[in-house]
Every structure is written in C-alpha cells, then in structure tokens.
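# What follows is a predicted protein model with its sequence.
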Amino acid sequence: AQKITQTQPGMFVQEKEAVTLDCTYDTSDQSYGLFWYKQPSSGEMIFLIYQGSYDEQNATEGRYSLNFQKARKSANLVISASQLGDSAMYFCAMREGRSNNDMRFGAGTRLTVKP
Amino acid sequence: GAGVSQSPRYKVAKRGQDVALRCDPISGHVSLFWYQQALGQGPEFLTYFQNEAQLDKSGLPSDRFFAERPEGSVSTLKIQRTQQEDSAVYLCASSLAVQAHYGYTFGSGTRLTVV
C-alpha cells in the first residue's frame, strides 16, 4: 500500500510568491518522522525540513515551513518568497518508529518558479 | 568523509554484464540504505543495513541484485546479468541511528544505463 501520496505531479509559482506542496501519509505507528527533500536537476537529494509525530508546533527552516495536520495525516510543505533556484523535484518521505525502519518516499512534485 | 560518497558516478553496461556500485557512508553512521530511482519517479527502497547486518532486503527486485556491507562501513550493490529495466539512478543514504527522527544523508547517486 502506498504510504506517501503526493497528488501534484507539477506545480508552477511566480517568483517571490508562496507555494504549498501537498503530502498525505498513511501509518498506524504513533511515532514517526516526516521529511521533505529537494532534488535539483543535478540529482542530489537535499534535506529541507523535518517534523516529528509528537511535535506540537509546525516545523520551520528559513523559507520552508511544514503544515502538519496530524488528524488528517497531511504534511504539506510551504515555500515562501519563491526563488528561481527553488525549481526542482520535491519529495515527501516518512520514517516510521518501528525497528528496521527505512524511509519511504512519495512520487514527487516538480516545482517550476517563473520569473 | 564529510558526506556519503558513491562511485562510479555514471556506469554504462551492456545487457548481461555484471556491475558493482560502491557506497562509502559517513563515518560512524550505523544505518545504510540503497534506493533505486527511475527517471521522474521517487526513490524506491531496495535494502537496509544496520552495521554489517542486512536487516531488510525486501525491496530487491530480483535475485540478480545483491548487497553487502561486510565490515559495517562501505557497502557494495551488485547487479548480475543486467537488464534494460535496471537502468536507473542508484542512491545510497546513511543515517546516524535507527530512530524515526534521524534523517538520511544521501550520496550523489550512480546513474546506471544498460544498453
């Protein structure tokens, strides 16, 4: 069963505007971690932001924030003040708290920032 | 080293050839993961090591795929009798610990093209 769902294959945003990338997840664990990674055309996976399942406040890292709605099992990434360099693939991922826990990724969203 | 190092960066193999992909994780990182990423897709889990023990190999697509980490540091992913469908980027990641809130550091990947 798909554990991470990203329903937006592609998104466009005007430079300097904010954009929200959607992510929903499925788990029966109480302890889990949610992650967002950026993958530019060069291919490396760049860690952006982390949200723990027990964290009561939404995570923020500079221009990135995570809109965590636990009851709805959603972990949307918000990028404020978009820049041309934000154009990339963005992946949502989850690591569950059980042992032998690997990280599972969504299919990704390709973000294009327009000048 | 400071990051996760993968080699070679690119590999072209003739169908039927065996290949070996190397991953050198961050020193001291207990967990090591291999992922396969097809073009335009999210990374798909292949296998996971905790130190030298391979704890999960459920993602390996066939018995042509084999991974090892004999001394708990460097890992090798071997693909025997390569097929065209094996063409993908193979990503290695390491993590300091097994708990859910520990994220991964990814290598730059090996792009395998089977011709």
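It's in.
# the bottom helix or strand of chain A by mean pLDDT?
Taking mean pLDDT, DSSP states H and E as the measure, chain A has strand A:103-105 as its least confident helix or strand, at a mean of 90.
# Contacts only, for the most centrally placed residue in chain B.
With distances taken as C-alpha atoms, centre = their mean, B:W34 lies nearest the centre of chain B, 3.2 Å away. Residues near B:W34 by C-beta atoms under 8 Å, 6 or more residues apart in numbering or on different chains: B:23, B:45-48, B:67, B:75, B:77, B:90-92. C-beta here means a position set from N, CA and C on the backbone, and glycine is covered the same way.
# Same question for A:C23.
Here A:C23 is in contact with A:4-6, A:34, A:36, A:74-77, A:92, A:106 (criterion: C-beta under 8 Å, 6+ apart).
# If we use 10 Å, what do you get?
A:4-8, A:34-36, A:66-67, A:73-77, A:90-94, A:106, A:109 (C-beta atoms under 10 Å, 6 or more residues apart in numbering or on different chains).
# and the residue nearest to the centre of chain B, that one's in a strand?
Yes. Using DSSP: H, G, I helix; E, B strand; the rest coil, the assignment for B:W34 is a strand.
# so what's it bridging to?
B:T47, B:C92 (DSSP bridges).
# same check, this time on A:Y32
Here A:Y32, judged by DSSP bridges, has bridge partners A:E96.
# I'd like to know how far it sits from B:E85.
32 Å (C-beta to C-beta, to the nearest Å).
# Write the PyMOL selection for whichever of the contacts of B:W34 are buried.
Buried subset of these, written as a PyMOL selection, criterion 16 or more other C-beta atoms under 10 Å in any protein chain shown:
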select buried, chain B and resi 23+45+46+47+48+67+75+77+90+91+92
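# ok, the contacts of B:W34 vs A:N58, which is closest?
Nearest to A:N58 out of the contacts of B:W34 is B:F45 (C-beta to C-beta; 27.3 Å).
# OK, contacts around the closest one?
B:F45 neighbours (C-beta under 10 Å, 6+ apart): A:102-105, B:33-36, B:56-60.
# May I see the contacts of B:W34 arranged in a markdown table, with pLDDT as well?
Conversion of the contacts of B:W34 to a markdown table gives the following (pLDDT from 0 to 100):
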| residue | pLDDT |
| --- | --- |
| B:C23 | 98 |
| B:F45 | 93 |
| B:L46 | 96 |
| B:T47 | 95 |
| B:Y48 | 92 |
| B:A67 | 98 |
| B:S75 | 98 |
| B:L77 | 98 |
| B:Y90 | 97 |
| B:L91 | 96 |
| B:C92 | 96 |
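# CSV for the contacts of B:W34, including distance to A:Y25?
Output for those, formatted as CSV (distance: C-beta to C-beta, whole Å):
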residue, distance to A:Y25
B:C23, 27
B:F45, 15
B:L46, 21
B:T47, 22
B:Y48, 19
B:A67, 27
B:S75, 28
B:L77, 27
B:Y90, 25
B:L91, 21
B:C92, 24
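# Mind pulling up the pLDDT for A:A1?
With respect to pLDDT, A:A1 scores 57.
# From the contacts of B:W34, pick the one nearest B:L112.
Distances from B:L112 to those, taken by C-beta to C-beta, are shortest for B:Y90, at 6.2 Å.
# Okay, now the unreliable bits of the chain?
No chain in the question, so chain A it is. Within chain A, the stretches with pLDDT under 70 are A:1-2, A:98-101.
# think we crossed wires, I meant chain B
Those would be B:1, B:98-100, if you go by pLDDT under 70 across chain B.
# what does it put close to chain A?
B:3-4, B:9, B:31, B:33-35, B:37, B:40-48, B:50, B:55-56, B:58-59, B:89, B:91, B:93, B:95, B:98-109, B:111 (C-beta under 10 Å from any C-beta of the partner chain).
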